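Peer 1: with the sequence up front, the predicted model follows.
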Amino acid sequence: MTTLNRTKSALLVIDVQVGVVAEAFKRNEVIANIKSAVEKARTAGVQVIWVQHSEEEMPIGSPQWEIVPDLVPADGEQIIRKTFRSSFVETELSDVLAAGEFGHLIVCGAETNNCVRHTCHTALELGYDITLIEDAHTTTGFEWNGYVVDAARVIDEQNTNLMGYSLPGRGAQVKPLAKLTF
């Protein structure tokens with residue numbers, strides 16, 4: 001259904017880094033699900049693309065910036081470095097996806113309310129189809145300026161936000177890992 005006339009799918013693993021998921025909701029369970037998704041993708045011959053976020057508290061090359069030790073990119077898998085919430089802004093992701101003829105992105109990672117959300121919405125706006133893995137993304141709850149942001153509710157909101165969402169010629173779906181096929 002993508003508007004890009006590309007037939008391939010890629011698994012996009014966003015920001016599962018030491019400093020990002022240290023206090024994340026259901027951290028170990030979600031990382032195990034992401035690891036399973038990566039293994040399923042590799043077995044099916046689906047390209048895995050990794051994204052790493054960098055900012056002042058997490059500079060490139062620092063221990064906090066590293067992908068969690070449970071997940072190891074394989075030789076030949078692309079790693080995209082970014083400094084904005086959307087994995088598309090000022091990165092080579094669009095070029096990598098075009099070169100691989102990817103029109104469908106299967107998304108997992110962190111943080112749900114930041115980089116996962118912004119990447120999914122940017123991808124839809126650019127013409128990609130999206131599948132968000134329902135139980136393979138996470139975030140950290142917090143309090144800010146009198147507001148309490150509950151991680152579990154943020155994850156639920158993002159899942160329901162993308163269920164059945166579409167733009168002309170492309171759409172989003174949400175699937176649990178158990179029902180995900182490549």
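Peer 2: Great, that's in hand.

Peer 1: from here on, just use CA atoms for contacts and neighbour counts.
Peer 2: Noted.

Peer 1: shouldn't residue 113 be in contact with residue 137?
Peer 2: No: at 9.8 Å, residue 113 does not count as touching residue 137 under the criterion of C-alpha atoms under 8 Å.

Peer 1: how near is the residue in the chain sticking out farthest from the centre to residue 43?
Peer 2: Most distant residue from the mean C-alpha position of the chain: residue 146, 28.8 Å away (C-alpha atoms, centre = their mean). From residue 146 across to residue 43, the span is 46 Å (C-alpha to C-alpha, to the nearest Å).

Peer 1: just residue 142 next, same as before
Peer 2: 37 Å.

Peer 1: so which strand or helix has residue 122?
Peer 2: Assigned by DSSP states H and E, residue 122 belongs to helix 117-126.

Peer 1: next: residue 161.
Peer 2: Judged by DSSP H and E, residue 161 forms part of helix 151-162.

Peer 1: same check, this time on residue 148
Peer 2: Applying DSSP H and E, one finds residue 148 within strand 147-149.

Peer 1: and that strand, what does it pack against?
Peer 2: strand 142-144 (3 or more C-alpha pairs under 8 Å, 6 or more residues apart in numbering; DSSP states H and E).
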